[in-house]
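# sequence unknown, structure follows:
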């Protein structure tokens, strides 16, 4: 019978300060208390929502290595995202390379593409998108959203004169055509 307090309640018992969360997480990880996978997933989501990436990464690693919890491909994609946020892109690339081939699908490729996009790594993002096309992975909304966000963030400095007033004159928008990722994109 399961009568213990849910993991996320234990971890966030005294608020969501990083120190408090780390202390409660360390207490849980040192204990031998059992926990359901849905609790770990829910706790990871809460950590990520609060931008507590280090404790989330630690929980993910400990559940995988010390507790022997099987990770789904979705879990591996989340872990990849956490690695990139806490340890950087090179560590995320190494984690991705070390994944079994069966785990390299649209979720993990899409997560790596999103990591490249967030870091404005255009060449790596383009190369990865081409690789995804070559191996016939479905390019879902997450992939295209990452590409569009990257394109917008790269185009933002060129928008300095976009619709602002100088005295009595309006400076008009300038439209540029970018061909990035094999897409013809119009950017203001």
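Yep, it's here. Everything numeric in this text was worked out from a predicted model, so none of it was measured.

# Distance of the closest residue to residue 69 other than its chain neighbours relative to residue 29?
Nearest residue to residue 69 in three dimensions, chain neighbours excluded: residue 63, at 4.3 Å (CB to CB, 6 or more residues apart in numbering). To be clear about C-beta, it is placed using only N, CA and C from the backbone, and glycine gets the same treatment. For residue 63, the distance to residue 29 (CB to CB, to the nearest Å) stands at 9 Å.

# of these two, who's got more company?
residue 63 (21 against 15; other CB atoms under 10 Å).

# Show the backbone phi and psi for residue 31.
phi -80, psi 170 (degrees, to the nearest 10).

# what about it, how many neighbours?
If we define neighbours as other CB under 10 Å, then residue 31 has 10 of them.

# returning to what we had before: going by secondary structure, the residue nearest to residue 69 is in what exactly?
In this structure, residue 63 sits in helix 53-65 according to DSSP states H and E.

# pLDDT score assigned to residue 159?
Looking at residue 159, its pLDDT stands at 50.

# same deal with residue 151?
Confidence score, pLDDT, at residue 151: 84.

# Count the neighbours of it for me.
That count, for residue 151 with other CB under 10 Å as the rule, works out to 19.

# Would it be right to say that it lies in a helix?
Yes. Residue state for residue 151 (DSSP: H, G, I helix; E, B strand; the rest coil) corresponds to a helix.

# Now for residue 64: which residues touch it?
By CB atoms under 8 Å, 6 or more residues apart in numbering, the contact set of residue 64 is 71, 79.

# swap the cut-off to 6 Å and go again
Contact analysis of residue 64 by CB atoms under 6 Å, 6 or more residues apart in numbering lists residue 71.

# tell me which residues in stretch 45-57 are buried?
Using 16 or more other CB atoms under 10 Å as the test for burial, stretch 45-57 gives 46-48, 52-57.

# Quick one: end-to-end distance for it.
Terminal residues of stretch 45-57 lie 11 Å apart, using CA to CA, to the nearest Å.

# residue contacts, the residue nearest to the spatial centre of the chain?
Closest to where the C-alpha atoms of the chain average out (CA atoms, centre = their mean) is residue 81, at 3.7 Å. Taking CB under 6 Å, 6+ apart as the contact definition, residue 81 lies against residue 111.

# Look at it and report its pLDDT.
96.

# Give me the phi and psi for residue 32.
Per degrees, to the nearest 10, the backbone of residue 32 is at phi -110, psi 20.

# What separation is there between it and residue 149?
Distance from residue 32 to residue 149, by CB to CB: 43 Å.
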